[in-house]
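J.: Quick one, fold the following:
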Amino acid sequence: MAISRDESFRIQALQLTDALLVWIAFWIGWELRSFVLDTNDTAKETINWVLYIAVPFTPLVLEKFGFYDHLRGKTTGKAIVQLIKALLVIALMIGMFAVFAKLMDTRRLVLGLGFLLVFLLVLVRDRTTTVWLRRRVAADSAKERVVLAGSSAETHALLAEIDPEIRDNWNIIEHFDLDARDVTELFDLLKDEAVSRVIFSAKETGFEKVAQAVEACELQGVEAWIAASFIRTQIARPVFDALGEKPMLVLRSTPELSWELLCKEIFDRVAAALIILISLPLWIFAYIGIRIQSPGAPVFFSQMRAGKYGRPFRMWKFRTMVANAEELLAKVKEEHGNQMDGPVFKLDRDPRIFPFGAFLRKLSIDELPQLLNVVTGDMSLVGPRPLPVYEVEAFSDISHRRRLSVKPGITCEWQAGGRNKITSFEDWVEMDLRYIDNWSLWLDFKILARTVPAVLFGHGAK
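T.: Below is the predicted model of the structure:
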């Protein structure tokens, strides 16, 4: 049976989690035995061989019994039966190995407590996962925003063939009839609705029309999933995937799901939380300084920025400008111009910045509240800088929207070095797209390493 990359990745993540829980269960079993028997027995090597069997094989046996299938609809009773069957098989494997290898000195109390704890820990993990998946389906905000493209009959037929467990994770924005509508409408739909994926079922639609629609997705960094013949692209990388048992051709111009991306997500949130704790004195310093120099106005500044796929989110900073800075923007543009061409506004010595605010900007202390956005998942530590929604709407080149195909970041190539030299928005976008096309976890670490001296020495701060 065909299995999607997302499904395979999810199963691997759950198996690794369960393997860790098995190890924890037997470790706790050993400690409980020592406590119950009041012994200082340190011969843990007598249980190590059990771990060599239980830790790697338990998740594999669970998979054979379908423990990782249809998690959202699985009942507690079915999960218990599958888990008991798998643990009986593991117990049989351990028993046979003990007999043939003559390893009869294994502590029976450790085995009993270990298996009991494995049952409880894995069952709790499974039920927690099921509850989380059900809540995710119930919350529209957590669903993937999808457009189905093709003739009306084909898209509805495709939808009927898809497993409901997959389909329920979608917020279907629209059935886009490629035969009856112009492709330019798809451009606007992707832009206005923050769509992350377009699924094509267009067997009866003209090749040229489908190619134009794929280009619309490609230019905005939106994944195109095609149940059709191969289409040549310039940027997007073609890979095969599956929706349930239906094979699909995917044209992806952004980093695909991988362990590196999972590590990035975990690292972002953990590192952001630690940095917040370590930098608390700077938060207090900034709070007091802003209160003194700009009394009566908010300490924090928030603004709606364009996030992944253009979805708006509220970004936070320490306020470094006068309270009515937004109202003065048009006047400042008229009197002082704009040092950055294109839709983005940048200006050295912006008259709206008060002195203490300029100091905060020099050391990038004003950016610290964005760590809260990283913790909540709206931003990453490294990624293209988030632009105000009104600046994104002013993009004259639709291909610039591809920089929105990944999470925005606190720092990026432009932020880490060269921002005091770059005045062309085209060059800025080119740096962002180069980052997206060549992304790796190692590249993120290198950008972070370059950001530290840039912040400490105030290189290019504005």
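J.: how distant is the helix or strand bottoming out on mean pLDDT in the chain from the center of its chain?
T.: Lowest mean confidence among the helices and strands of the chain (mean pLDDT, DSSP states H and E): strand 237-243, at a mean of 75. The chain centre lies 19 Å from the centre of strand 237-243; the measure is C-alpha atoms, centre = their mean, to the nearest Å.
J.: partners of that strand, with directions?
T.: strand 246-252 (antiparallel) (DSSP bridges).
J.: Give me the distance between residue 311 and residue 305.
T.: Going from residue 311 to residue 305 by C-beta to C-beta, to the nearest Å gives 10 Å. The way it works is simple: take the backbone N, C-alpha and C, and place the C-beta from them, glycine included.
J.: and the longest helix anywhere in the chain, how far from the chain's centre?
T.: Secondary structure of the chain read by DSSP state H shows that its longest helix is helix 5-37. Distance of helix 5-37 from the chain centroid (C-alpha atoms, centre = their mean) equals 25 Å.
J.: Equivalent analysis for stretch 438-454, please.
T.: The answer for stretch 438-454 is 18 Å, by C-alpha atoms, centre = their mean.
J.: Which residues outside that stretch are in contact with it?
T.: 255, 260, 263-264, 267, 381-382, 406, 411-413, 415-417, 435, 459-460 (C-beta atoms under 8 Å, 6 or more residues apart in numbering).
J.: Looking at the residues you listed, which are in strands?
T.: With DSSP state E as the criterion, strands contain 381-382, 411 from among these.
J.: Quick check: of these, which lies closest to residue 211?
T.: Among these, residue 382 lies closest to residue 211 (C-beta to C-beta), at 33.5 Å.
J.: Determine the angle, from 0 to 180 degrees, between the least confident helix or strand of the chain and helix 5-37.
T.: Orientation check (axes from the mean of the first three to the mean of the last three C-alpha atoms, to 10 degrees): strand 237-243 against helix 5-37 gives 70 degrees.
J.: Return the alpha-carbon coordinates of strand 237-243 using CSV.
T.: Provided in CSV are the C-alpha atoms of strand 237-243 (Å, rounded to 0.1, in the frame of the first residue of the first chain):
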residue,chain,number,x,y,z
ARG,A,237,11.7,20.0,-7.5
PRO,A,238,9.4,17.2,-8.7
VAL,A,239,9.0,14.3,-6.3
PHE,A,240,6.4,11.5,-6.0
ASP,A,241,4.2,11.2,-3.0
ALA,A,242,0.8,9.7,-2.2
LEU,A,243,-2.6,10.8,-0.9
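J.: Buried residues, it. List them.
T.: By neighbour count with 16 or more other C-beta atoms under 10 Å, strand 237-243 contains the buried residues 241-243.
J.: Alpha carbons of stretch 411-431, as PDB, please.
T.: In PDB, the C-alpha atoms belonging to stretch 411-431 read as follows (Å, rounded to 0.1, in the frame of the first residue of the first chain):
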ATOM      1  CA  THR A 411      17.600  37.100  11.500                       C
ATOM      2  CA  CYS A 412      18.600  36.200   7.900                       C
ATOM      3  CA  GLU A 413      21.400  36.700   5.400                       C
ATOM      4  CA  TRP A 414      20.400  40.400   5.100                       C
ATOM      5  CA  GLN A 415      20.200  40.800   8.800                       C
ATOM      6  CA  ALA A 416      23.500  39.000   9.600                       C
ATOM      7  CA  GLY A 417      25.600  41.100   7.300                       C
ATOM      8  CA  GLY A 418      25.200  43.600   4.500                       C
ATOM      9  CA  ARG A 419      22.000  45.300   5.500                       C
ATOM     10  CA  ASN A 420      23.800  48.600   5.800                       C
ATOM     11  CA  LYS A 421      24.900  48.300   2.100                       C
ATOM     12  CA  ILE A 422      21.800  46.900   0.400                       C
ATOM     13  CA  THR A 423      19.400  49.400  -1.000                       C
ATOM     14  CA  SER A 424      17.800  47.300  -3.700                       C
ATOM     15  CA  PHE A 425      14.700  45.300  -2.700                       C
ATOM     16  CA  GLU A 426      15.400  43.000  -5.600                       C
ATOM     17  CA  ASP A 427      18.800  42.100  -4.100                       C
ATOM     18  CA  TRP A 428      17.200  41.600  -0.700                       C
ATOM     19  CA  VAL A 429      14.600  39.200  -2.200                       C
ATOM     20  CA  GLU A 430      17.400  37.400  -4.100                       C
ATOM     21  CA  MET A 431      19.200  36.700  -0.900                       C
END
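J.: ok so, going back, quick one: buried ones out of the ones in strands among the contacts of stretch 438-454?
T.: Counted by 16+ other C-beta under 10 Å, these give 381-382, 411 as buried.
J.: Leaving out sequence neighbours, find the closest residue to residue 157.
T.: Once flanking residues are discounted, residue 157 sits nearest to residue 201: 7.1 Å by C-beta to C-beta, 6 or more residues apart in numbering.
J.: contacting residues around the one you found?
T.: Here residue 201 is in contact with 148-150, 154-155, 157-158, 227-228 (C-beta under 8 Å, 6+ apart).
J.: What segments of the stretch 251-400 of the chain are strands?
T.: 300-306, 312-318, 380-382 (DSSP state E, counting those that start in this stretch).
J.: To residue 24, which of the ones you listed lies closest?
T.: The nearest among the strands of the stretch 251-400 of the chain, by C-beta to C-beta, is strand 380-382 at 29.5 Å.
J.: which other helices and strands contact the closest one?
T.: Counting contacts by 3 or more C-beta pairs under 8 Å, 6 or more residues apart in numbering; DSSP states H and E, strand 380-382 packs against helix 259-278, strand 409-411, helix 441-456.
J.: Can you tell me what sits against that strand?
T.: Contacts for strand 380-382 (C-beta under 8 Å, 6+ apart): 264, 267-268, 271-272, 374, 406-412, 444, 447-448.
J.: returning to what we had before: who are the packing partners of the helix or strand following the longest helix of the chain?
T.: Per DSSP states H and E, the first helix or strand lying C-terminal to helix 5-37 is helix 45-64. Packing partners of helix 45-64 (3+ C-beta pairs under 8 Å, 6+ apart): helix 5-37, helix 76-100, helix 108-138.
J.: In ChimeraX, how would I select the buried members of the contacts of stretch 438-454?
T.: Here is the ChimeraX command that picks out the buried ones among the contacts of stretch 438-454, judged by 16+ other C-beta under 10 Å:
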select :255,264,267,381,382,406,411,412,413,415,416,417,435
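J.: low pLDDT regions in this protein?
T.: 1-5, 34-47, 100-107, 228-235, 417-422, 457-462 (pLDDT under 70).
J.: mind giving me the domain ranges of it?
T.: Listed domain ranges for the chain are 5-138, 141-252, 259-456 (source: automatic domain parsing).
J.: gap between the longest one and the chain center?
T.: Centre-to-centre, domain 259-456 and its host chain are 19 Å apart (C-alpha atoms, centre = their mean).
J.: How much space separates the closest residue to residue 61 other than its chain neighbours from residue 455?
T.: Leaving aside its sequence neighbours, residue 61 sits nearest to residue 86 (C-beta to C-beta, 6+ apart; 4.4 Å). The gap separating residue 86 from residue 455 is 51 Å, by C-beta to C-beta.
J.: who has more neighbours, the two?
T.: Neighbours per residue (other C-beta atoms under 10 Å) separate residue 86 from residue 455, with residue 86 holding more: 24 against 18.
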